[in-house]
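In: Sharing a model prediction with you, sequence too.
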Amino acid sequence: MTLSLIRDTVQQAAQAITAALDLETEIVDESLKIIGGTGRYAEKIGSYEENGDLDSPFVYASCLRNGREYITFEPGSETFYAAKEKEMAEICCPIQIEQKAIGLIGLIAFTPQQRQLMIEKTSELTTFLRIMAELIAGKLVISQSNIHLQNTLSSLLSSSDESASFQNIISVSDVMEKVKQRALQVSQSDSTILITGESGTGKDLLARCIHEESPRSDKPFVSVNCAAIPEMLLESELFGYEKGAFTGAQKGGKLGKFQLADHGTLFLDEIGDMPLHLQVKLLTCLQNHQVDPVGGETPINVDVRIIAATNKNLEEMIEKKQFREDLYFRLNVIPIYLPPLRQRPEDIELLLTHAIRKFSQKLDKPVSAIEPEALSALLSYHWPGNVREVENVIEYAINMENSSSIGLSSLPDKILSRTSAAASTRGGLLKDQLACAEREIIAECLSRTGHSLEGKRKAAEILGISESTLYRRLRALDLL
Ligand SMILES: Nc1ncnc2c1ncn2[C@@H]1O[C@H](COP(=O)(O)OP(=O)(O)OP(=O)(O)O)[C@@H](O)[C@H]1O
């Protein structure tokens with residue numbers, strides 16, 4: 001917990017102490033940075049006492065270490081008092097949370113009268129400072145728990161209807177079972193994960209499940225969609241900004257998503273859309289475990305597990321110099337690829353059933369089944385929008401359906417038009433039936449080798465065709 005989070009309150013406290021006692025006040029944080037001050041200390045806000053050396057033998061550093069009060073009426077004669085401003089007396093009181101000093105209040109006399117007052121009222125002044133220190137500490141605890149509440153609320157609001165648990169990742173296919181096993185296994189570590197896969201394959205859901213299974217599950221899961229935030233704002237959104245960093249900045253500065261996710265998980269969705277200049281800053285932050293808020297002077301330590309996701313081919317982007325190779329290697333420690341639905345057709349029926357249950361409840365309609373001809377249309381559809389499209393189609397169908405079973409006429413046109421095209425070929429021309437078989441063979445092979453450039457190269461080798469023939473067939477069969 002750092003006092004800089006409530007710097008306005010700290011400054012108000014410093015002013016209130018000076019107004020009540022007619023003595024100068026300075027308040028430093030746990031790094032000896034001056035956060036609040038009156039008189040000559042007001043001008044020094046932002047600078048460091050004792051050069052910020054926490055191991056120094058000087059008074060403030062010692063008080064932070066041992067959490068004890070310190071009183072002197074002869075600062076000039078004390079070896080460990082770094083008197084620079086002609087101080088004549090000082091009472092220094094630690095600000096503590098759970099017995100750990102997170103800052104100090106210094107009450108300083110600069111005139112003989114002020115010094116005399118300190119000598120006569122030492123005990124009252126010390127008690128007063130203790131109470132102010134407790135008030136400041138209390139304010140910091142409340143503001144931290146507000147941030148925690150906000151995080152919890154925003155992750156609750158932004159989470160899907162499903163609770164993020166591996167049980168809610170519906171699948172029967174071997175390939176998805178392997179993905180789930182692998183994700184479950186790596187959920188226990190802090191290593192960075194890169195989830196790739198087409199839009200709607202469940203990258204966001206999987207990231208949440210990994211967080212929920214991890215030892216960080218009681219800490220925030222914070223999600224940032226790098227494609228949805230304007231480039232100008234993304235930097236401050238991620239790393240935060242200090243008070244007055246730019247025109248229009250919030251008065252007290254703003255915490256970035258990294259700080260909000262401290263001790264939890266940060267999900268960097270659509271990482272392929274991150275502008276190159278921010279990729280550099282992100283890499284530095286990941287390497288040093290520190291963030292540099294915009295307009296800030298000192299980096300802030302953060303402990304965050306990163307899960308990144310993209311539906312873009314980052315390897316191709318690296319070749320085109322659109323994505324930094326060093327960042328790619330830093331993110332791709334544990335790669336997880338979510339295959340598109342057309343490569344795991346075994347999952348479709350279960351996903352349809354699951355979606356029917358979900359949307360019949362949500363829309364409060366007693367629909368619980370699918371007519372055989374509607375099911376066969378849905379099973380032969382190629383689902384370019386993957387699981388998200390399954391949900392959309394079923395939501396549409398339940399809205400349209402007046403009976404308890406989804407019929408062909410309740411399905412969207414895009415499914416019906418493909419079905420009628422397929423029906424006209426079924427049992428028909430040999431070439432169409434061969435195309436159907438060819439599609440299945442190629443899709444199955446790619447599901448094993450993966451859809452990367454390397455995966456396609458391997459698939460071409462396994463199938464005994466050239467890469468260019470594979471690409472031509474993929475285009476012809478609508479598999480690209
Ligand atoms: N295997 C699954 N079982 C149940 N629901 C799933 C599954 N996969 C995805 N979903 C659901 O499908 C929807 C889309 O998933 P999600 O948002 O995780 O996809 P995504 O890959 O992150 O998409 P995008 O790349 O567009 O952000 C969500 O409602 C999610 O809960």
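Out: That came in fine, so what should we check first?
In: gap between the nearest residue to residue 74 once chain neighbours are set aside and the ligand?
Out: Of all residues not flanking residue 74 in the chain, residue 89 sits nearest, at 7.9 Å (CB to CB, 6 or more residues apart in numbering). C-beta: built from backbone N, CA, C; applies to glycine. According to CB to the nearest ligand atom, to the nearest Å, residue 89 and the ligand sit 62 Å apart.
In: Now the phi/psi pair for residue 381, please.
Out: phi -70, psi 150 (degrees, to the nearest 10).
In: Was I right to think it contacts residue 415?
Out: Yes - if you go by CB atoms under 8 Å, residue 381 and residue 415 touch, sitting 5.1 Å apart.
In: tell me the contacts of the most centrally placed residue in the chain?
Out: The centre of the chain sits closest to residue 266, judged by CA atoms, centre = their mean, with a distance of 2.4 Å. Counting by CB atoms under 8 Å, 6 or more residues apart in numbering, residue 266 makes contact with 222-224, 257-258, 304-307.
In: how about the residue in the stretch 301-450 of the chain that the ligand sits nearest to, secondary structure?
Out: In the stretch 301-450 of the chain, the residue that lies nearest the ligand is residue 387 (3.5 Å; CB to the nearest ligand atom). Under DSSP: H, G, I helix; E, B strand; the rest coil, residue 387 falls in the helix class.
In: residues in contact with it?
Out: 200-202, 341, 351.
In: Return the residues of this protein in contact with the ligand.
Out: 160, 162, 168-171, 197, 199-205, 269, 311, 387-388, 391 (CB under 6 Å from any ligand atom).
In: Quick one: neighbours of residue 323, just the number.
Out: 23 (other CB atoms under 10 Å).
In: quick check, it in a helix?
Out: No - remark: residue 323 does not belong to a helix; assigned using three-state DSSP, it is coil.
In: tell me the contacts of it?
Out: Counted by CB under 8 Å, 6+ apart, residue 323 has contacts 272, 276, 279, 314, 317.
In: May I have the residues that are in contact with the second one?
Out: Just to be clear, that refers to residue 276. 322-324.
In: Next: the last one.
Out: For residue 317, the contacting residues are 272, 323, by CB under 8 Å, 6+ apart.
In: what is the rounded mean pLDDT of the helix or strand harbouring it?
Out: If you go by DSSP states H and E, residue 317 is part of helix 314-319. Summarised as a single mean, pLDDT over helix 314-319 is 94.
In: In whichever helix or strand comes after that helix, which residues are buried?
Out: Using DSSP H and E, the helix or strand that follows helix 314-319 in sequence is helix 325-331. Residues of helix 325-331 classed as buried: 327-328, 330-331 (neighbour count, 16 or more other CB atoms under 10 Å).
In: ok, now stretch 105-112?
Out: Of the residues in stretch 105-112, those buried (16+ other CB under 10 Å) are 105-110.
In: Strands of this structure, residue ranges please.
Out: Applying DSSP state E to the chain gives strands spanning 24-29, 34-37, 70-72, 89-97, 100-109, 193-197, 221-225, 265-269, 290-291, 300-301, 305-310, 334-338, 369-370, 405-406.
In: Give the other helices and strands that the second one contacts.
Out: The criterion is 3 or more CB pairs under 8 Å, 6 or more residues apart in numbering; DSSP states H and E, and the helices and strands that strand 34-37 contacts are helix 7-21, strand 24-29.
In: Pick the most deeply packed of these.
Out: strand 24-29 (a mean of 26; mean count of other CB atoms under 10 Å).
In: For the residue lying closest to residue 382 once chain neighbours are set aside, which residues are in contact?
Out: Leaving out its chain neighbours, the residue that sits closest to residue 382 by CB to CB, 6+ apart is residue 342, at 5.1 Å. With contacts defined as CB under 8 Å, 6+ apart, residue 342 is in contact with 382-384, 443, 479.
In: I'd like these laid out as TSV, including pLDDT.
Out: Putting the contacts of residue 342 into TSV (pLDDT from 0 to 100) gives the following:
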residue	pLDDT
382	89
383	92
384	90
443	76
479	72
